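Trainee: Sequence plus the predicted model coming up.
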Amino acid sequence: MPRDIPLPTGLKPPSRRAQLGELTLPFDMLRYGLSGYHLIGAPRGDGRPVALLPGYGASELSMRPLEAYLRHLGYHVRDWGMGRNQGRVAADVERFAAQAAEWVKADGAPLSLIGWSLGGVIARETARAYPELVREVITMGTPVIGGPKYTALAQRFAGRDFDAIEREIHARNLKGLTQPLTVIYSDRDGIVGPDIAVDTYNDQARNIKVDSTHLGLGINPKVWRIVADTLAGAR
């Protein structure tokens, strides 16, 4: 059930320190390589269809490591099939939903959607508009509140009415989602800060904090384990 809450206030973009922390990705990659033990004993998949949606400015390549891991577990994984995410959310939701409808018809089962950053916004809005296509939603570092207003990328959208966008997104969020919803976020995220990445609208939302940069979310073994456990738990 959705919660009737007021428009959140007092939100801020990630701190300068957090933004600079994104430069530590090479060191995080080394650290993650040494922490693969988190994946030991991960539950096997059951062949269900899963679709991966990349973040703003990224293509399917950014999701390849997670895709390979989920395939290894036994899931039927697809990338979103739309190339680089250009940030056209409304149009991308419709394009993706059309593709998803074909997959659901072919597979005979709705999709589990996993979206990174803006890809998570598209996953959420697809689930909201076309609930019959979506079994569950998992997001990683996704701006739930405010659109680009409180992100480190706000300047790229200069000239847009951020306040109007924020109000529109809030109104949509008040409609709620019906599917299971897992929200992965990090206090160290230098692109999408934790204040806007947590879902307070949906009673069923599980907000799970991890220790990661934004750019590291897609390769973090702890995140992968959360994804694996979540998919297994929704059987």
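Mentor: That came in fine, so what should we check first?
Trainee: just checking, residue 185 is part of a helix?
Mentor: No. Under DSSP: H, G, I helix; E, B strand; the rest coil, residue 185 sits outside any helix and is assigned strand.
Trainee: Just the pLDDT at it, thanks.
Mentor: As predicted, residue 185 sits at a pLDDT of 98.
Trainee: Now do the same contact list for residue 144.
Mentor: By CB atoms under 8 Å, 6 or more residues apart in numbering, the contact list for residue 144 reads 124, 173, 183, 196-199, 201. (C-beta placed from N, C-alpha, C; glycine too.)
Trainee: If any of these are buried, give me the PyMOL selection for them.
Mentor: Here is the PyMOL command that selects the buried residues among the contacts of residue 144 (16 or more other CB atoms under 10 Å):
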select buried, resi 124+173+183+196+197+198+199+201
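Trainee: List just the nearest of the contacts of residue 144 to residue 74.
Mentor: residue 183 (24.6 Å; CB to CB).
Trainee: Check the gap between the closest one and residue 110 for me.
Mentor: As judged by CB to CB, to the nearest Å, residue 183 and residue 110 stand 19 Å apart.
Trainee: any low-confidence regions in the chain?
Mentor: Residues of the chain meeting the criterion pLDDT under 70: 1-2, 34, 234-235.
Trainee: same thing but at 80, please
Mentor: Counting by pLDDT under 80, the chain shows low-confidence ranges at 1-4, 30-37, 234-235.
Trainee: Do a quick rundown of the helices in it.
Mentor: Assigned by DSSP state H, the helices in the chain fall at 16-21, 25-33, 64-73, 89-107, 118-129, 162-173, 194-197, 221-233.
Trainee: so which of those gets nearest residue 215?
Mentor: Shortest separation from residue 215 across the helices of the chain is recorded for helix 25-33, at 4.8 Å, computed as CB to CB.
Trainee: and the angle from the closest one to helix 221-233?
Mentor: Computed with axes from the mean of the first three to the mean of the last three CA atoms, to 10 degrees, the direction of helix 25-33 lies at 60 degrees from that of helix 221-233.
Trainee: Just the buried residues of helix 25-33, please?
Mentor: Taking 16+ other CB under 10 Å as the neighbour-count basis, helix 25-33 is seen to contain the buried residues 25, 28, 32.
Trainee: what's near enough to touch the first one?
Mentor: When contacts are counted by CB under 8 Å, 6+ apart, residue 25 touches 213, 215-216.
Trainee: next one: the second one
Mentor: Under the criterion of CB under 8 Å, 6+ apart, the neighbours of residue 28 are 212-213, 216, 219-220.
Trainee: Check those and tell me the two furthest apart.
Mentor: Considering CB to CB, no two members of the contacts of residue 28 lie farther apart than 213 and 219, which are separated by 10.2 Å.
Trainee: hang on, residue 112 packs against residue 136?
Mentor: Yes. Using CB atoms under 8 Å, residue 112 is in contact with residue 136, at 5.0 Å.
Trainee: Of the two, which one has the most company?
Mentor: Summary of the neighbour comparison: residue 112 and residue 136, criterion other CB atoms under 10 Å, with residue 112 having more neighbours (26 against 23).
Trainee: wait, which of the contacts of residue 25 is closest to residue 191?
Mentor: Closest to residue 191 out of the contacts of residue 25 is residue 215 (7.6 Å), distances taken as CB to CB.
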